[in-house]
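>>> Below are the sequence and a predicted model for it; my questions follow.
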Amino acid sequence: MAIDFTFPPEIDEVRFKVRDFCDTVVRPVEARAEEQRWSRDDWIKAIIEMRAAAKEWGLWLPHMPKEWGGMGLSHVAMASVSAEAGKTRMGPFALNAQAPDEGNMHTLLHWGTDEQKEQYLRPLCEGYARSCFAMTEPEVAGSDPTLIQTRAYEDGDEWVINGHKWFISGARGAQFAILIARTEDDPDLPQAANSAFLVDIPSEGWEIVRDVETMSGSHNHCEIRITDLRVHKSKMLGGRGQGHLLGQARLGPARLAHCMRWIGQAEVALDMMVDRALERYSHGSLLAEKQGIQWLIADSAMELYQCKLMVLHAAYLIDRGLDFKTEVSMAKHFVANSLWRIIDRAIQVHGALGYSTDTPLADMLKQARWARFADGADEIHQMRIAQRTIAAYKDHGTTKPATGNLPL
């Protein structure tokens with residue numbers, strides 16, 4: 001039988017080890033932080049300590065090759081690791097597998113020169129540096145990178161860059177940025193207008209204007225003003241005009257990595273929903289015995305099942321070097337929306353308690369809302385999925401290639 005939905009023993013061993021690590025190391029830290037209302041400096045110290053523990057446990061850098069100090073796990077294996085780590089707030093940080101650094105590591109690994117890898121990738125892998133990915137701009141639609149207005153022009157051995165970015169996650173505290181800017185005025189293809197640059201932080205001309213306040217508070221999503229920023233030509237990442245290609249190559253697996261972590265969050269919410277239903281008594285019976293509550297649980301269980309299958313299949317395609325764009329778009333859209341619905345149902349079952357901050361559900365819901373537009377808004381993914389479905393029918397006379405191309 002070619003189809004096997006079990007993990008091999010070596011992946012299960014890692015998965016259970018991550019679960020044990022989160023229970024033993026991460027959750028006690030998070031509990032102390034909530035009780036003592038930690039500052040950012042307190043968190044940084046704790047992350048350093050958790051990372052030292054992750055190295056001792058042999059769980060450091062699970063997504064990177066062994067030659068870079070990582071565990072060399074496949075995308076399927078990473079699905080199991082990220083889902084477990086994602087059940088906690090700081091688990092991915094402890095393993096050094098958090099966004100945006102995880103995606104930037106892959107980008108540097110595949111696009112960087114040897115010199116760039118030593119200067120920028122190695123400190124990331126060793127946990128001594130943070131980074132950010134600066135693409136989104138306030139003046140144009142973030143879902144269409146061909147509209148980017150940040151511009152770079154050549155001046156001798158340097159590029160001079162001017163522009164405006166915002167919602168640049170992790171910018172405060174980052175040692176460098178991967179910056180996307182327009183370098184070509186009239187390319188043959190609109191997607192060949194941009195290039196990527198490595199920018200040391202701090203640099204003259206790179207100004208963090210503010211940490212953009214969101215509905216869930218400040219989370220280091222920064223607005224950046226770029227004024228006559230000079231970058232040596234050796235700092236271009238990838239080829240000239242390849243910024244769009246690089247960005248899309250980065251975002252595909254990065255979208256799926258988000259989905260992996262969101263599955264962990266959704267499972268936490270479903271567990272809390274069922275636990276509440278089993279202990280709350282009202283109008284003659286437990287909530288778990290009431291059909292209305294059972295429907296909420298059933299819908300959530302079915303959606304989480306779908307999420308897991310979609311993520312595992314997309315990871316399988318990436319691992320085998322197959323085309324994964326449609327499947328990742330589907331997973332990103334479905335998992336993001338399921339995350340919101342499952343947490344919302346869990347809040348409903350908890351009643352006023354769920355709406356309060358006495359449980360993590362209220363904060364989880366606020367955090368979940370960004371999932372539907374980050375790394376591609378719902379509507380953009382739906383548009384691309386529809387276009388690929390139509391193209392599949394035109395090319396093959398069937399939509400089968402656009403629905404996972406599964407043997408059914």
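Structure received.
>>> For residue 159, what are phi and psi?
In this entry, residue 159 is assigned phi and psi values of phi -110, psi 140 (degrees, to the nearest 10).
>>> Which element, helix or strand, includes the nearest residue to residue 199 once chain neighbours are set aside?
Nearest non-adjacent residue to residue 199, counting by CB to CB, 6 or more residues apart in numbering: residue 177, 4.5 Å away. In this view, the C-beta of every residue, glycine as well, is placed from N, C-alpha and C. In this structure, residue 177 sits in strand 176-182 according to DSSP states H and E.
>>> Quick one: distance of whichever helix or strand comes after that strand to the chain centre.
Using DSSP H and E, the helix or strand that follows strand 176-182 towards the C-terminus is strand 194-200. From the chain centre to the centre of strand 194-200 is a distance of 21 Å (CA atoms, centre = their mean, to the nearest Å).
>>> now swap in stretch 69-84 and tell me
14 Å.
>>> pLDDT score for residue 2?
Per-residue confidence (pLDDT) for residue 2: 65.
>>> helices or strands up against the strand or helix carrying residue 331?
Residue 331 belongs to helix 325-350 when elements are defined using DSSP H and E. Applying 3 or more CB pairs under 8 Å, 6 or more residues apart in numbering; DSSP states H and E, we find helix 325-350 packed against helix 243-279, helix 291-319, helix 352-355, helix 361-368, helix 378-396.
>>> elements contacting the shortest one?
Just to be clear, that refers to helix 352-355. Under the contact criterion of 3+ CB pairs under 8 Å, 6+ apart, helix 352-355 touches helix 325-350, helix 361-368.
>>> Residue 304 against residue 338, yeah?
Yes. Contact status for residue 304 versus residue 338: in contact at 6.9 Å, counting by CB atoms under 8 Å.
>>> So between these two, which is more surrounded?
Set residue 304 next to residue 338 and count neighbours by other CB atoms under 10 Å: residue 338 wins out with 25 against 19.
>>> Do a quick rundown of the helices in the stretch 101-250 of the chain.
Taking DSSP state H, counting those that start in this stretch as the criterion, the stretch 101-250 of the chain carries its helices at 101-111, 114-116, 122-126, 243-279.
>>> out of the helices and strands packed on helix 325-350, deepest packed?
Among these, ranked by average contacts under mean count of other CB atoms under 10 Å, first place goes to helix 243-279 (a mean of 22).
>>> Contact partners for residue 251?
Applying CB atoms under 8 Å, 6 or more residues apart in numbering, we find residue 251 in contact with 103, 375, 376.
>>> again, only this time at 10 Å
Contacts for residue 251 were tallied using CB atoms under 10 Å, 6 or more residues apart in numbering; they are 103, 107, 133, 135, 145, 258, 328, 332, 375, 376.
>>> now do residue 106
If you count contacts by CB under 10 Å, 6+ apart, residue 106 has them with 63, 64, 121, 249, 250, 252, 253, 254, 257.
>>> pLDDT averaged over stretch 30-39, what's the number?
92.
>>> how long is stretch 84-94 from one end to the other?
For stretch 84-94, the first and last residues are 12 Å from each other (CA to CA, to the nearest Å).
>>> Could I have the CA atoms of the longest strand seen in the chain written out in CSV?
The single longest strand within the chain, with elements called by DSSP state E, is strand 217-232. Once side chains and other backbone atoms are set aside, the C-alpha atoms of strand 217-232 remain, and they are given as CSV (Å, rounded to 0.1, in the frame of the first residue of the first chain):
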residue,chain,number,x,y,z
GLY,A,217,-1.4,45.5,20.7
SER,A,218,2.2,46.0,19.6
HIS,A,219,4.0,43.0,18.2
ASN,A,220,7.0,44.5,16.4
HIS,A,221,5.3,45.0,13.1
CYS,A,222,7.2,48.2,12.1
GLU,A,223,6.9,51.1,9.7
ILE,A,224,10.2,51.8,8.0
ARG,A,225,11.3,55.0,6.2
ILE,A,226,14.2,54.5,3.8
THR,A,227,16.1,57.7,2.7
ASP,A,228,19.2,57.6,0.5
LEU,A,229,20.1,54.2,2.0
ARG,A,230,23.4,53.0,0.4
VAL,A,231,24.0,49.3,-0.1
HIS,A,232,27.1,47.9,-1.7
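>>> quick one: strands adjacent to it?
Looking at strand 217-232 with DSSP bridges, its partner strands are strand 158-169 (antiparallel), strand 206-214 (antiparallel).
>>> isn't residue 97 right next to residue 84, touching?
No. Residue 97 sits out of contact with residue 84 when judged by CB atoms under 10 Å, with a separation of 11.1 Å.
>>> Overlap in contacts, these two.
91, 260, 261.
>>> Any chance of those residues in JSON lines with pLDDT as columns?
Formatted as JSON lines, the shared contacts of residue 97 and residue 84 follow (pLDDT from 0 to 100):
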{"residue": "91", "pLDDT": "97"}
{"residue": "260", "pLDDT": "96"}
{"residue": "261", "pLDDT": "96"}
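>>> ok, of those, which one's closest to residue 282?
Ranked by distance to residue 282 (CB to CB), the shared contacts of residue 97 and residue 84 are led by residue 261 at 33.8 Å.
>>> roughly how far apart are that closest one and residue 81?
10 Å (CB to CB, to the nearest Å).
>>> Mutual contacts of those two, please.
Common contacts of residue 261 and residue 81 (CB under 10 Å, 6+ apart): 91, 92, 97.
>>> Could you dump those residues into JSON lines and include neighbour count and distance to residue 183?
Listed next are the shared contacts of residue 261 and residue 81 as JSON lines, based on neighbours: other CB atoms under 10 Å; distance: CB to CB, whole Å:
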{"residue": "91", "neighbour count": "28", "distance to residue 183": "39"}
{"residue": "92", "neighbour count": "23", "distance to residue 183": "33"}
{"residue": "97", "neighbour count": "29", "distance to residue 183": "32"}
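>>> Need the nearest residue in space to the residue nearest the centre of the chain, chain neighbours excluded.
Against the mean C-alpha coordinate of the chain, by CA atoms, centre = their mean, the closest residue is residue 258 at 3.4 Å. By the measure of CB to CB, 6+ apart, the closest residue to residue 258 outside its immediate chain neighbours is residue 375, 6.4 Å from it.
>>> That neighbour and residue 335 touch, don't they?
No. Judged on CB under 10 Å, residue 375 makes no contact with residue 335 at a distance of 11.4 Å.
>>> Before I go, just wanted to say thanks for your time.
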